[in-house]
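K.L.:
Pasting a predicted model and its sequence here:
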Amino acid sequence: MSAQPFSQERLMKVLIAPLISEKATYVADKFEQVAFKVSTDATKPEIKAAVEFMFKVVVDSVQVANVKGKEKRSGRFVGRRNNWKKAYVCLASGQEINFAVSEQG
């Protein structure tokens, strides 16, 4: 890993949460990719740097998808959920991210 032009503070804010769904699990098993919910203004280089910084793994590539917020109704009032961004991070072969919480001293 080379020196990144991004601040550590910014890298900590890029990744919001890992996505745990049937599709994300399928993609993780078949293509060695991990899905994350990321901030809407995050770029591919920032996402790559954040994953490498936080999980100490080597990232091959990043694919990004903008997800439109759903329209929801409450009675006669119509509202909208926020749009959000999803990133599929392709890890180098042999790399793995384990989200299980370790119980070390």
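P.N.:
Okay, I see it.
K.L.:
Run through the neighbouring helices and strands of the helix or strand containing M12.
P.N.:
Taking DSSP states H and E as the definition, M12 sits inside helix 8-14. In terms of contacts (3 or more Cβ pairs under 8 Å, 6 or more residues apart in numbering; DSSP states H and E), helix 8-14 is packed against helix 44-55. C-beta coordinates here come from the backbone N, C-alpha and C atoms, glycine included.
K.L.:
hmm, who's touching the helix it packs on?
P.N.:
Residues outside helix 44-55 that contact it (Cβ atoms under 8 Å, 6 or more residues apart in numbering) are 1, 4, 6, 8, 10-12, 14-15, 34, 36, 38, 42, 57-59, 62, 64, 87, 89, 97.
K.L.:
Report the buried members of the residues you listed.
P.N.:
With burial judged by 16 or more other Cβ atoms under 10 Å, the buried subset of the contacts of helix 44-55 is 4, 11, 14-15, 34, 36, 38, 42, 57, 59, 62, 87, 89.
K.L.:
Turn the residues you listed into a markdown table, including distance to R73 and secondary structure.
P.N.:
Listed next are these as a markdown table, based on distance: Cβ to Cβ, whole Å; DSSP: H, G, I helix; E, B strand; the rest coil:
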| residue | distance to R73 | secondary structure |
| --- | --- | --- |
| Q4 | 44 | coil |
| L11 | 38 | helix |
| V14 | 33 | helix |
| L15 | 32 | strand |
| V34 | 34 | strand |
| F36 | 30 | strand |
| V38 | 28 | strand |
| A42 | 31 | coil |
| V57 | 42 | coil |
| V59 | 40 | strand |
| V62 | 35 | strand |
| A87 | 30 | strand |
| V89 | 35 | strand |
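K.L.:
Next, give me the two most distant ones among those.
P.N.:
Using Cβ to Cβ, the buried ones among the contacts of helix 44-55 span at most 19.1 Å, a distance reached by Q4 and V34.
K.L.:
on that earlier part again, can you lay out the buried ones among the contacts of helix 44-55 as CSV showing pLDDT and distance to S21?
P.N.:
CSV is the format used below for these (pLDDT from 0 to 100; distance: Cβ to Cβ, whole Å):
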residue, pLDDT, distance to S21
Q4, 57, 29
L11, 91, 24
V14, 94, 20
L15, 95, 16
V34, 93, 12
F36, 95, 12
V38, 97, 15
A42, 95, 20
V57, 91, 21
V59, 93, 21
V62, 96, 18
A87, 96, 14
V89, 95, 15
